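In: turn this into a model:
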Amino acid sequence: GRESGLIAFNPVADYPLPPRDDDIIMPPTAAETQAILEHAAPHLVRAILLSYYLGLRPGAVELLALRWDQVLWDRETILIFSAHKGGAEKRMVPIHPGLMSHLRDWHKQDGGKGPIVHYHGRAILCLKTAWRGALQRAGIKRRLRMYDLRHNFVTQALERGADIKAVAEIAGSRADTLMRFYQHVSTELRRQTVAKIPPLSYTKYSQNPKK
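Out: The predicted structure follows:
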């Protein structure tokens, strides 16, 4: 008969599938973030704190391209040139008080020149190796990405009642995009919304109904 052209077995049947990028990964807990920081190289510490406090995308366009001349000290803001993800081309992000002292120390160390995240003065193109090493040394075995620090920023802001439009503008995204990718947050927000309704003093029917 005519050959079908199909092979008799699947040569990759025993190989595990790569993790899906659309899987929901819960953001790092405060304890996990602290553990990673304690085991991170100095350049990764900068990257983690900037991502945690500013909600930056951790790639070459936003985080790793950030330079000292983008810090507006008098306004206590940082100018971010956004990745092309549907938001504004650039955005002004207020500097969190918890980040300010670190920024001033780094600015003094660097002489106020060059990229904020660097390796001995050299620009960095990728943080994956440093991130994996910090996770291993911190004993964290579950899947976590640098990007999940950005997720943590959005999650924490929304769960604490921040205006979603303001969060979207700071994160350089769209409000509908945030809610689509943060469904676990929207569930918690709905729960908080219901909990805001003041309770009635009535607890149960206290009298026997008439027969």
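In: middle-most residue in the chain, spatially?
Out: Centroid-nearest residue in the chain: Arg150, 1.3 Å away (criterion: Cα atoms, centre = their mean).
In: which elements pack onto the one helix or strand Asp176 maps to?
Out: Per DSSP states H and E, Asp176 falls inside helix 175-181. Judged by 3 or more Cβ pairs under 8 Å, 6 or more residues apart in numbering; DSSP states H and E, the packing partners of helix 175-181 are helix 164-171. All C-beta atoms are positioned from the backbone trio N, CA, C, and that covers glycine.
In: following the helix holding Asp176, which helix or strand comes up?
Out: Next along from helix 175-181, by DSSP H and E: helix 183-195.
In: what's the average pLDDT for that following helix?
Out: Per-residue pLDDT values over helix 183-195 give a mean of 77.
In: hang on, the earlier thing: excluding its backbone neighbours, what's nearest the residue nearest to the centre of the chain?
Out: Distance criterion Cβ to Cβ, 6 or more residues apart in numbering; nearest residue to Arg150, sequence neighbours excluded, is Gly55 at 5.3 Å.
In: hang on, the earlier thing: give me the buried positions along the helix or strand hosting the residue nearest to the centre of the chain.
Out: Here Arg150, judged by DSSP H and E, is contained in helix 147-159. For helix 147-159, a neighbour-count test (16 or more other Cβ atoms under 10 Å) marks Tyr147, Asp148, Leu149, Arg150, His151, Asn152, Phe153, Val154, Thr155, Gln156, Ala157, Leu158 as buried.
In: pLDDT for those - can I get that in JSON lines?
Out: Formatted as JSON lines, those follow (pLDDT from 0 to 100):
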{"residue": "Tyr147", "pLDDT": "93"}
{"residue": "Asp148", "pLDDT": "94"}
{"residue": "Leu149", "pLDDT": "95"}
{"residue": "Arg150", "pLDDT": "93"}
{"residue": "His151", "pLDDT": "91"}
{"residue": "Asn152", "pLDDT": "92"}
{"residue": "Phe153", "pLDDT": "93"}
{"residue": "Val154", "pLDDT": "91"}
{"residue": "Thr155", "pLDDT": "88"}
{"residue": "Gln156", "pLDDT": "90"}
{"residue": "Ala157", "pLDDT": "90"}
{"residue": "Leu158", "pLDDT": "87"}
